[in-house]
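Undergrad: sequence first, predicted model second:
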Amino acid sequence: MYAIVTIAGQQFKVEKDRKIFVNQLDAEEGSSIEFEDVLLTEGEDGVKVGAPVVEGAKVTAKVLSHLKADKVIVFKKKRRKGYRVKNGHRQRLSQIQIEDIQVG
């Protein structure tokens with residue numbers, strides 16, 4: 001069984017006991033959160049597509065940790081002008097584990 005759910009503005013395909021990285025969530029490590037923006041579910045009873053969300057469906061997840069992603073280097077240059085700028089960025093992420101998918 002899997003579901004497609006909106007988490008922090010992005011869509012993810014989730015399955016039970018799967019770990020995924022999402023944009024940082026406002027939740028403590030070890031706490032449980034529920035996502036009710038389930039767009040599609042697939043199970044023994046077939047595929048259910050929401051319009052825009054599946055009624056009564058929700059996904060429960062546990063926050064494992066908060067961390068930063070690898071650094072991405074942003075380098076800008078204009079040739080023959082002496083213009084060079086180097087910046088870096090590290091995205092803040094949360095690692096979550098999907099505990100349950102309810103199709104209610």
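TA: Yep, that arrived.

Undergrad: pLDDT on stretch 1-19, on average?
TA: Mean pLDDT, computed over stretch 1-19, is 96.

Undergrad: what's the end-to-end length of that stretch?
TA: With CA to CA, to the nearest Å as the measure, the first residue of stretch 1-19 is 15 Å from its last.

Undergrad: in it, which residues are buried?
TA: Going by neighbour count (16 or more other CB atoms under 10 Å), the buried part of stretch 1-19 is A3, I4, V5, T6, I7, F12, V14. Just so you know, the C-beta spots here come from the backbone N, C-alpha and C atoms, and that holds for glycine as well.

Undergrad: now the most centrally placed residue in the chain. Its backbone dihedrals?
TA: The centroid of the chain falls nearest to V22 when counting by CA atoms, centre = their mean (3.3 Å). The phi/psi pair for V22 (degrees, to the nearest 10) reads phi -130, psi 170.

Undergrad: from memory it sits against F12, does it?
TA: Yes: shown here, V22 and F12 form a contact pair, counting by CB atoms under 8 Å, at 7.0 Å.
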